[in-house]
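Novice: Would you be able to build a 3D model of this:
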Amino acid sequence: MTTPQIERSKVLKSLEDADGFRCLDIFKRLDGTFGFKEYRRDPEDYGQWTLVEDFSDLSYSTEGEALIAARQMVRWIADT
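Specialist: Reported below is the predicted structural model:
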């Protein structure tokens, strides 16, 4: 079963760190606003992504604005 949050948004871009252990998804909601979430993947989780930071309560008018905010709030993303 999917969560209501997933049903209301579509992931537009997934950025991974150089090691492939961190990921940031930028998504668009049905209302046209954008947001992002940060995940990590650990070997003990058998490669599944685990939510690290949920920034989905923040809302941006464009994908670009969401990406700029992510680069300010998520340290490793500034290097991608």
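
Novice: and whichever strand or helix holds Leu12, what does it pack onto?
Specialist: Applying DSSP states H and E as the criterion places Leu12 in strand 9-16. The contact analysis (3 or more CB pairs under 8 Å, 6 or more residues apart in numbering; DSSP states H and E) places strand 9-16 against strand 22-29, helix 63-73. Bear in mind the C-beta positions are built from the backbone N, C-alpha and C, glycine included.

Novice: Reformat these as CSV; add distance to Pro43 and mean pLDDT.
Specialist: Formatted as CSV, those follow (distance: least, CB to CB, whole Å; pLDDT from 0 to 100):
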stretch, distance to Pro43, mean pLDDT
strand 22-29, 14, 96
helix 63-73, 25, 96
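
Novice: returning to what we had before: could you tell me the angle between the strand holding Leu12 and strand 22-29?
Specialist: Orientation check (axes from the mean of the first three to the mean of the last three CA atoms, to 10 degrees): strand 9-16 against strand 22-29 gives 160 degrees.

Novice: buried ones in strand 9-16?
Specialist: 9, 15 (16 or more other CB atoms under 10 Å).

Novice: How far does that strand sit from its chain's centre?
Specialist: 6 Å (CA atoms, centre = their mean, to the nearest Å).

Novice: List the strands paired with it, with their directions.
Specialist: With DSSP bridges as the test, strand 9-16 is paired with strand 22-29 (antiparallel).
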